[in-house]
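In: any chance you could fold what I've pasted below:
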Amino acid sequence: MANNTAAVFTRHYDSPMGRILLAADEIGLRGLRFDGQKYFARDLPEKRIEQETHAIAKARRWLDVYFTGKEPDFLPPLHPIGSAFRQAVWIMLLQIPYGHTDLRRDRAAADRDGGSFADVRAGRRRRRRA
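Out: Below is the predicted model of the structure:
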């Protein structure tokens with residue numbers, strides 16, 4: 001559920017993949033949601049303020065760089081909120097290297113083998129180069 005005590009600010013971003021709703025509070029970006037996606041904005045309070053904030057401006061700039069095919073060299077301020085599961089998802093998302101989209105296989109291998117996620121990714125990169 002949403003933390004309804006903090007003001008939530010939103011703005012839309014028109015991406016090549018569709019419209020994205022950016023949501024932030026005074027601390028940082030709370031999430032991105034594609035318009036029309038299942039459960040769209042269900043964890044946001046009904047009362048939101050449509051306003052550009054520092055975090056939203058930085059997120060928009062990050063998306064601008066990303067959608068030009070370049071790797072952004074900065075992150076907007078983030079404020080990951082939610083359950084322990086959602087916190088774990090935020091951590092996993094931040095580990096996805098630029099240009100990659102799926103880590104489930106590597107995460108499962110790390111969990112299965114008792115190793116670190118970074119070690120599994122490095123091993124896969126070494127095997128690809130060999």
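In: wait, residue 35 sits on residue 20?
Out: Yes: in this structure, residue 35 is within contact of residue 20 by Cβ atoms under 8 Å, at 7.3 Å. The C-beta positions use only the backbone N, C-alpha and C, and glycine is treated the same way.
In: and for these two, which residues touch both?
Out: Jointly contacting residue 35 and residue 20 under the rule Cβ atoms under 8 Å, 6 or more residues apart in numbering are residue 12.
In: list the buried residues for the helix or strand hosting residue 57?
Out: Using DSSP states H and E, residue 57 maps to helix 54-66. Of all the residues in helix 54-66, those buried under the rule 16 or more other Cβ atoms under 10 Å are 55-56, 58-60, 62-63.
In: give me the mean pLDDT for the helix or strand following it.
Out: Going down the chain from helix 54-66, the next helix or strand is helix 84-94, by DSSP H and E. The predicted model assigns helix 84-94 a mean pLDDT of 85.
In: could you do stretch 67-80 as well?
Out: For stretch 67-80, the mean pLDDT works out to 93.
In: now that stretch - C-alpha only, PDB.
Out: Extracted in PDB, the C-alpha atoms of stretch 67-80 (Å, rounded to 0.1, in the frame of the first residue of the first chain):
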ATOM      1  CA  PHE A  67      16.100   6.300 -25.100                       C
ATOM      2  CA  THR A  68      18.900   7.900 -27.300                       C
ATOM      3  CA  GLY A  69      20.700   4.600 -26.900                       C
ATOM      4  CA  LYS A  70      23.400   5.900 -24.500                       C
ATOM      5  CA  GLU A  71      24.100   4.700 -21.000                       C
ATOM      6  CA  PRO A  72      23.100   7.400 -18.500                       C
ATOM      7  CA  ASP A  73      26.000   8.200 -16.100                       C
ATOM      8  CA  PHE A  74      23.800   9.300 -13.300                       C
ATOM      9  CA  LEU A  75      20.700   8.100 -11.400                       C
ATOM     10  CA  PRO A  76      17.800  10.300 -10.300                       C
ATOM     11  CA  PRO A  77      17.200  10.400  -6.500                       C
ATOM     12  CA  LEU A  78      15.300   7.300  -5.600                       C
ATOM     13  CA  HIS A  79      12.900   6.600  -2.800                       C
ATOM     14  CA  PRO A  80      12.000   2.900  -3.000                       C
END
